[in-house]
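In: From the sequence below, what's the structure:
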Amino acid sequence: MGFQTVEGKDLGDVRLFTMSTCAWCDKMKDLLSENDVKYHYIDLDLVDEEEREGTVEFLDSIYPKWGFPCLLFDEKVLILGYREGDIRKTLGLPDAREKKEKGAAEPVREEIKRIMERLQGFSEKKGASLNPDTAITIKLIDGLLENQKRHGYWACPCRLAAGNREDDRDIICPCDYWEQDVAEFGACYCGLYVSEKVIAGEMTIRTVPERREKRGK
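Out: Residues are numbered from 1 along each chain as shown. Okay, here's the model as predicted:
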């Protein structure tokens, strides 16, 4: 597989299966880099078809319901989604500490502002909200815009798109599964939309499993 390597402390064989458009994949990479962990990663949306199919078959052989981000440690432990506590425990990383305050955040682009306002209005009509973590929301919207350029439609930034509208119809944002996921788990699969209970602090977001059935080749 065509992994790229980020150097650091060798804690074992740490492999990430990620997407370049997935905000949670970026968070996982950042977590490992901030803790100076050596890891190997592959962005499946950026490799050729043969490489992608071979990697998907490998992951299917381990756990058919895998999703992004996906961390495989020493070919024994599989962590799905950005579960910071599990990642720290598995790799023996120290508990999270408060991060030092950063400088002022970069201004939000006007295009992103307009989209956020539109999506917030849409989600409120459905009894939901955009993710209050603005950095995550912006990254996810950037992923949607990138998929618009690549495929001509807003394919979910945290799912591997087939690249044609008919096969991807169910994962065009808002995907067919988002309302059920928000109601049951507090967020949609990619975390763009969250429930009002999450906003009110009455519910904690749980890891959202992939409801989508595997597509035939």
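In: Counting neighbours, which bits of stretch 159-169 end up buried?
Out: Arg159, Leu160, Ala161, Asp168 (16 or more other Cβ atoms under 10 Å). C-betas here are computed from N, CA, C, even on glycine.
In: so for the longest helix seen in the chain, what's the average pLDDT?
Out: Across the chain, the helix with the greatest residue count (assigned by DSSP state H) is helix 134-151. In this model, helix 134-151 has a mean pLDDT of 96.
In: Could you do stretch 66-86 as well?
Out: Stretch 66-86 comes out at a mean pLDDT of 93.
In: okay, it in PDB with CA atoms only?
Out: The C-alpha coordinates for stretch 66-86 follow below in PDB (Å, rounded to 0.1, in the frame of the first residue of the first chain):
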ATOM      1  CA  TRP A  66     -14.900   0.200   9.000                       C
ATOM      2  CA  GLY A  67     -15.000   3.900   8.300                       C
ATOM      3  CA  PHE A  68     -12.900   7.100   8.500                       C
ATOM      4  CA  PRO A  69     -10.700   7.800  10.200                       C
ATOM      5  CA  CYS A  70      -9.400   4.300  10.900                       C
ATOM      6  CA  LEU A  71      -6.300   3.500  13.000                       C
ATOM      7  CA  LEU A  72      -4.700   0.100  12.900                       C
ATOM      8  CA  PHE A  73      -2.100  -0.500  15.600                       C
ATOM      9  CA  ASP A  74       0.400  -3.400  15.300                       C
ATOM     10  CA  GLU A  75      -2.100  -5.200  13.000                       C
ATOM     11  CA  LYS A  76      -4.100  -6.100  16.100                       C
ATOM     12  CA  VAL A  77      -6.100  -3.100  17.400                       C
ATOM     13  CA  LEU A  78      -8.500  -1.300  15.200                       C
ATOM     14  CA  ILE A  79      -9.900   2.100  16.300                       C
ATOM     15  CA  LEU A  80     -12.700   3.600  14.200                       C
ATOM     16  CA  GLY A  81     -13.500   7.300  14.300                       C
ATOM     17  CA  TYR A  82     -11.800  10.000  16.300                       C
ATOM     18  CA  ARG A  83     -11.900   8.500  19.800                       C
ATOM     19  CA  GLU A  84      -9.100  10.400  21.500                       C
ATOM     20  CA  GLY A  85      -9.300   8.600  24.800                       C
ATOM     21  CA  ASP A  86      -9.000   5.200  23.100                       C
END
